[in-house]
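Chemist: 3D, please:
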Amino acid sequence: MTALALCAALCGSASGQGAGKEPVGSAGEAAGATNAATAGGSAKTSGLNPVALGQVVANPGSFQMQPVTQKVDITDAMMLGADGSDDWLLHGRTYDNQRYSPFTQINKANVAQLRPTAIIQTGITKTMEATPIEVDGVLYIEMGDNNVQAYDAITGKQLWAYSPKLGYSNLCCGQQARGVAVAYGKVFVAQLDGHVVALDARTGKQLWKTDHANALPAPAYFYSFTMAPLVYDGLVLVGNAGAEWPTRGFLEALDVNTGKLVWRFSTTAAPDQPGGDTWGDGTRGSDSWKYGGGSVWNTPAIDVKNGLILFAVGNPNPDLDGTSRPGDNAYTDSIVAIDARNGKLKWWYQQVAHDVWDYDAAAPVVLFDTVDETGKTVPAAAQAGKVGNLFIVNRLTGKLIRKSPPLVDIGENFMKPVTKETMTLYPANKGGVVWQPGAWSPQTRYFYTMAVNEAHDFFLNKALPDVYKPGTPIVGQYTGGNMPTNLDVFPPSGTFSAVDTDTGKIAWQYKSSRPMYGGALATAGGIVFAGEMTGDFIAFDAKSGEKLWTFPMGAGVCTPPITYRIKGVQYIAVGATGCHGGEILMHRDGRPVFGDVFAIFALPEKK
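Modeler: Numbering: from 1, shown residues only. Below is the predicted model:
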């Protein structure tokens, strides 16, 4: 297929689910409305606009098109040994979240020959942020509104589809989801309506569904899920989204066979817990931890050897007006480690104390070894945050080893207190590293991550009570202010950086004309793959940053790429479905706002 023909296929797409009548939450990224004054005449959307969650689904349920004969019963041993597998079994390929593949069939010498072998059109025209799972030749892909589809990973033929009828939830930050987990013959889906469901991996039929009364704090309608679940040792790990509402965030473990709650770690410290003295000053805010936010936006990493679950925690609540929550507000905006057996706290490292700028730690934590200040090799954990730095800590103690220089531009108002007077900040709530999963290569010892340069106007505009009072009405998100995009300061753009994890220095950086979302994939072939909002899918030299290959996908490539091997052939797979957060930019550029394409690439067959 020619690039022109492929572009036509990518740009054209079938209709997704229709909007319903019941308003549910907001469509913006962390309450970030678009400023109509700065975004032009077409900017009529707002971060506080109501949206509907799957209220109109023509035929909700599961539908099988082809029998699944592949071996899709993933065992604990297979997940623990994922590094040596031909498949992509886990969200980050392995429990350490490195997104590094040892495959070398596609390498620097031949990547320019890469071409599409199958084009999938899912029929769901909403942004897709999901990392697919590939098991023995079956691709499991999650689209917007938690539509899950299974495909043949070579031919792209559809095997089954699951279309849920989602219930009511006060949704924060869009209708996208970040993927499923597959294990024990089941597909686990953490849904926007706060339910977790288990599907039969061969048919897509629902096996169980969580009960809000058991699996969520009250009131359940404040809680939703966007992260991809992770299965470990008989447990399904999920963390909540939506700290723009008065929630108490969590990471919890559910039984894989029943969906029943096994344990829950809350991401705001109670008075009797370590860090409990960081909520309130003795005169006010003593109960603020009960509704203090702290979302877990992305899939944890697991240190199997040391029995640790490591993850990042998002912003506290209220988001912009912090007067009701004096103190540092542990464990928000932090890298956190808990005991994998029972969810008990081990340590936390806070990137931003008393955050009033929506500087979530939202991207996945990645595990590797590095050298500390004494030159000793130590186990490390790294996470790139919205403040624009890569933080590297000792994963046994939480002590900071080093952090990178800023990966994005830093404005003069960075981290200044928010007041009623409008103040332009960058990086802002959609700047730095947002949710984009990074990759780490043991070959180069570089950490590869995308980031965003984008200015926002911050201001307080409504007084909040000292603390949320249960049962009282909430109009819009519970923030105390707003942070609309300001497109007049500079055009939003992106970076793709390689950080030397042994020094913290930036080894190379690619600059894109538009924000970069999606994620990175590094391989032993000396390549790192990444996509752009502009529609390009790119292979870079992992050591030098040189562009080796570019393929025009039409719609924005804001989906993490994966690689797998079937019968000795290495494949690269990635989605081109547009980019949540870039709708106005794509409209201005005359490009497709959303698409529905998932593409599979390989090298030409040898004749």
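Chemist: from here on, contacts and neighbour counts on C-alpha atoms
Modeler: Fine.
Chemist: By mean pLDDT, flag the weakest helix or strand of the protein.
Modeler: Least confident helix or strand of the chain, by mean pLDDT, DSSP states H and E, is helix 36-39 with a mean of 30.
Chemist: Next secondary structure after it?
Modeler: As assigned by DSSP states H and E, the chain's next helix or strand after helix 36-39 is strand 61-64.
Chemist: And that following strand, what's buried?
Modeler: Using 16 or more other Cα atoms under 10 Å as the test for burial, strand 61-64 gives 62-64.
Chemist: which other helices and strands contact it?
Modeler: Secondary-structure packing of strand 61-64 (3 or more Cα pairs under 8 Å, 6 or more residues apart in numbering; DSSP states H and E): strand 158-163.
Chemist: want to throw the buried residues of strand 61-64 into JSON lines with distance to residue 471?
Modeler: Below are these laid out as JSON lines (distance: Cα to Cα, whole Å):
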{"residue": "62", "distance to residue 471": "37"}
{"residue": "63", "distance to residue 471": "40"}
{"residue": "64", "distance to residue 471": "43"}
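Chemist: with the residues you listed in mind, which one is nearest to residue 266?
Modeler: When the buried residues of strand 61-64 are ranked by distance to residue 266 (Cα to Cα), residue 62 comes first, at 33.6 Å.
Chemist: Now the closest one: closest residue in space that isn't a chain neighbour?
Modeler: Once flanking residues are discounted, residue 62 sits nearest to residue 162: 4.4 Å by Cα to Cα, 6 or more residues apart in numbering.
Chemist: try residue 325
Modeler: Nearest non-adjacent residue to residue 325 (Cα to Cα, 6+ apart): residue 285, at 4.9 Å.
Chemist: Tell me which residue lies nearest the centroid of the protein.
Modeler: residue 435 (4.1 Å; Cα atoms, centre = their mean).
Chemist: Could you double-check that it lies in contact with residue 360?
Modeler: No. Between residue 435 and residue 360 there is no contact under Cα atoms under 8 Å: 9.2 Å.
Chemist: what about residue 145, is that helix, strand or coil?
Modeler: helix (DSSP: H, G, I helix; E, B strand; the rest coil).
Chemist: how many other residues sit next to it?
Modeler: 27 (other Cα atoms under 10 Å).
Chemist: gap between it and residue 205?
Modeler: 17 Å (Cα to Cα, to the nearest Å).
Chemist: Now do the phi/psi pair for residue 447.
Modeler: Main-chain dihedrals, residue 447, degrees, to the nearest 10: phi -100, psi 130.
Chemist: ignore the last one, residue 482
Modeler: Taking degrees, to the nearest 10 as the convention, residue 482 sits at phi -150, psi 170.
Chemist: what pairs with it across the strands?
Modeler: residue 459 (DSSP bridges).
Chemist: Show the pLDDT at it.
Modeler: On the pLDDT scale, residue 482 is placed at 91.
Chemist: try residue 469
Modeler: As predicted, residue 469 sits at a pLDDT of 78.
Chemist: What are the boundaries of the strands in the stretch 1-150 of the chain?
Modeler: 61-64, 100-101, 115-121, 133-135, 138-142, 148-152 (DSSP state E, counting those that start in this stretch).
Chemist: residue ranges with poor pLDDT in the stretch 301-450 of the chain?
Modeler: The stretch 301-450 of the chain contains no residues with pLDDT under 70.
Chemist: what do you get for the chain?
Modeler: In the chain, residues with pLDDT under 70: 1-59, 467, 475.
Chemist: follow-up on the earlier one: could you save the strands of the stretch 1-150 of the chain as TSV and add columns showing distance to residue 424?
Modeler: Shown next, in TSV, are the strands of the stretch 1-150 of the chain (distance: least, Cα to Cα, whole Å):
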stretch	distance to residue 424
strand 61-64	46
strand 100-101	38
strand 115-121	40
strand 133-135	40
strand 138-142	36
strand 148-152	40
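Chemist: Relative to residue 180, how far out is the closest residue in space to residue 119 that isn't next to it in sequence?
Modeler: Distance criterion Cα to Cα, 6+ apart; nearest residue to residue 119, sequence neighbours excluded, is residue 599 at 4.7 Å. Distance, residue 599 to residue 180, by Cα to Cα: 18 Å.
Chemist: re the thing from before, count the residues that sit near the residue nearest to residue 325.
Modeler: The number of residues near residue 285, taken as other Cα under 10 Å, comes to 20.
Chemist: Can you name the residues that contact it?
Modeler: By Cα atoms under 8 Å, 6 or more residues apart in numbering, residue 285 lies in contact with 279, 324-326, 466-467.
Chemist: so which of the strands of the stretch 1-150 of the chain comes closest to residue 415?
Modeler: The nearest among the strands of the stretch 1-150 of the chain, by Cα to Cα, is strand 100-101 at 34.1 Å.
Chemist: isn't residue 201 right next to residue 188, touching?
Modeler: No. Applying Cα under 8 Å, one finds residue 201 not in contact with residue 188, separated by 9.1 Å.
Chemist: which residues are common contacts for these two?
Modeler: Common neighbours of residue 201 and residue 188 (Cα under 8 Å, 6+ apart) are residue 182.
Chemist: Am I right that residue 588 is in a helix?
Modeler: Yes. Applying three-state DSSP, one finds residue 588 inside a helix.
Chemist: Kindly provide the distance from it to residue 431.
Modeler: Distance, residue 588 to residue 431, using Cα to Cα: 20 Å.
Chemist: mind listing the helices for this protein?
Modeler: Using DSSP state H, the helices of the chain run over residues 3-11, 36-39, 76-80, 212-215, 583-589.
Chemist: The last one: which residues count as buried?
Modeler: To tie it back to what came earlier, the one meant is helix 583-589. 583-586.
Chemist: Just the CA coordinates for it, please, in PDB.
Modeler: Taking Å, rounded to 0.1, in the frame of the first residue of the first chain, the C-alpha atoms of helix 583-589 are listed here in PDB:
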ATOM      1  CA  GLU A 583      -8.300  18.900  19.500                       C
ATOM      2  CA  ILE A 584      -8.100  22.700  18.900                       C
ATOM      3  CA  LEU A 585      -4.600  22.500  17.500                       C
ATOM      4  CA  MET A 586      -5.500  19.800  15.000                       C
ATOM      5  CA  HIS A 587      -8.600  21.700  13.900                       C
ATOM      6  CA  ARG A 588      -6.500  24.800  13.300                       C
ATOM      7  CA  ASP A 589      -3.900  22.800  11.400                       C
END
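Chemist: Tell me which other helices or strands that helix touches.
Modeler: Contact partners of helix 583-589 among helices and strands, from 3+ Cα pairs under 8 Å, 6+ apart: none.
Chemist: and residue 178, what is it in contact with?
Modeler: 128-131, 142, 226-228, 298.
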